[in-house]
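Novice: fold the stuff below for me.
(one chain, ligands or ions: 1)
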Amino acid sequence: MTETKTKKKKKKHLYDQSTYFKGLIRRSLQYLKTGYPIHFTGPSGIGKTTLAIHIAKQHKRPVMLINGNRDLSNQDLLGAFNGYKSNKVKDNYVRSVYKIEENVTESWSDGRLLEAVKNGYTLVYDEFTRSPPEANNIFLPILEEKILPLYGMKKKNSFIKVHPDFSVIFTSNPVEYAGVYDLQDALLDRMITLPLEHMDQESEAIAVVDKSAVTKAEAEEIVAFMARVRNLCTKKQAYNGPGLRASIMIADLAKRYEIPIDGTNEAFVQLCFDITWFPLQACTDKSDDRIEKQLLAECKKIKAG
Ligand SMILES: Nc1ncnc2c1ncn2[C@@H]1O[C@H](COP(=O)(O)OP(=O)(O)OP(=O)(O)O)[C@@H](O)[C@H]1O
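Specialist: Predicted structure coming up:
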């Protein structure tokens, strides 16, 4: 009996296929190896975090991830005292003498940044401009003087030296985004900023195939539709319509619920509409009625078969 081969063909990753990404990854690794921090900035959902983590892994040092947020404090980055350790010795060896000796010491746990700096990890600081500038100021001496000041740690040394293998990849959304602080010039001045845009259609289709069960032809139709939707944006702003996530969602949901990728199918048109309507509305000045008509017309053009 012949053995049937059930092994699935491994999908080739976008970063191994695209000349643009290959070049970008090679340059980023060179900058990191030379000791320069890099910074990917661009609209939401275009793949900044995925790219940053991919590059960090290539750098061959353990990877530490910090997510920027409004509540991030120096304590989260450096560490904090988290209680007390008590050690009690009771001595009743001579019956008439009862001796108790108690030692209480504060116990400390390192914050993520301190751990990464001490051990020479590659730090991915995702969406760092969502953290308050006061918290991010700690990066100035790290990047410039290669030291980390140890504020409030009651340690003998007031700073530690940055491990020579330590490196950072920052990511951020444009400043127009809600919940994002202004970029600090002093910090920006110390990093190599590489702006990213929406992927070209070919790359986006490869990413969609990678993240769902659609065929290449189906992915190309969805991605072409998404590009037409982005073209409907009229506002000149950093947020320019639905991103790669929207394309992946359409592909994934269509496959899971066996909805044909076909603009004449009512369920598919509804799916495309649900996923793109809100982000489209946010980037256009047109009336709701007009966008709705234009969006439905674009959905109906999809024909993967
Ligand atoms: N090269 C890729 N191949 C396949 N999927 C990808 C690729 N890059 C990104 N994605 C997918 O696209 C989606 C968005 O990616 P990611 O979170 O990296 O974007 P982002 O720009 O960091 O977004 P945000 O600014 O909202 O954090 C994720 O679902 C991710 O898995």
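Novice: low-confidence stretches in the stretch 1-150 of the chain?
Specialist: Low-confidence segments of the stretch 1-150 of the chain (pLDDT under 70): 1-11, 81-89, 92-95, 104-106, 108.
Novice: quick one: the helices in it?
Specialist: With DSSP state H, counting those that start in this stretch as the criterion, the stretch 1-150 of the chain has helices at 14-17, 19-34, 48-58, 74-78, 112-119, 133-136, 139-144.
Novice: list the residues that contact residue 48.
Specialist: Applying Cβ atoms under 8 Å, 6 or more residues apart in numbering, we find residue 48 in contact with 40-42, 126, 171, 196. (Each C-beta comes from the backbone N, C-alpha and C, glycine too.)
Novice: could the helices of the stretch 1-150 of the chain go into JSON lines alongside distance to residue 214?
Specialist: JSON lines is the format used below for these (distance: least, Cβ to Cβ, whole Å):
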{"stretch": "helix 14-17", "distance to residue 214": "15"}
{"stretch": "helix 19-34", "distance to residue 214": "21"}
{"stretch": "helix 48-58", "distance to residue 214": "19"}
{"stretch": "helix 74-78", "distance to residue 214": "40"}
{"stretch": "helix 112-119", "distance to residue 214": "37"}
{"stretch": "helix 133-136", "distance to residue 214": "40"}
{"stretch": "helix 139-144", "distance to residue 214": "41"}
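Novice: can you list phi and psi of residue 285 for me?
Specialist: When read as degrees, to the nearest 10, the backbone of residue 285 gives phi -100, psi 0.
Novice: contact residues of the stretch 1-150 of the chain facing the ligand?
Specialist: Contacts of the stretch 1-150 of the chain with the ligand, taken as Cβ under 6 Å from any ligand atom, map to 14-15, 44-50, 127.
Novice: which of those count as buried?
Specialist: 14-15, 44-49, 127 (16 or more other Cβ atoms under 10 Å).
Novice: closest residue of the stretch 151-300 of the chain to the ligand?
Specialist: Nearest residue of the stretch 151-300 of the chain to the ligand, counting by Cβ to the nearest ligand atom: residue 207, 3.5 Å away.
Novice: doesn't that residue fall inside a helix?
Specialist: Yes - Residue 207 forms part of a helix when assessed by DSSP: H, G, I helix; E, B strand; the rest coil.
Novice: show me what contacts the nearest residue to it once chain neighbours are set aside?
Specialist: Excluding its sequence neighbours, the residue lying closest to residue 207 (Cβ to Cβ, 6 or more residues apart in numbering) is residue 14, at 5.2 Å. Applying Cβ under 8 Å, 6+ apart to residue 14 gives the contacts 21, 203, 206-207, 210.
Novice: neighbour-wise, which one of those leads?
Specialist: Using other Cβ atoms under 10 Å as the neighbour criterion, residue 206 leads the contacts of residue 14 with 24 neighbours.
Novice: please verify my assumption that that one contacts residue 16.
Specialist: No - contact between residue 206 and residue 16 fails when scored by Cβ atoms under 8 Å: they sit 9.7 Å apart.
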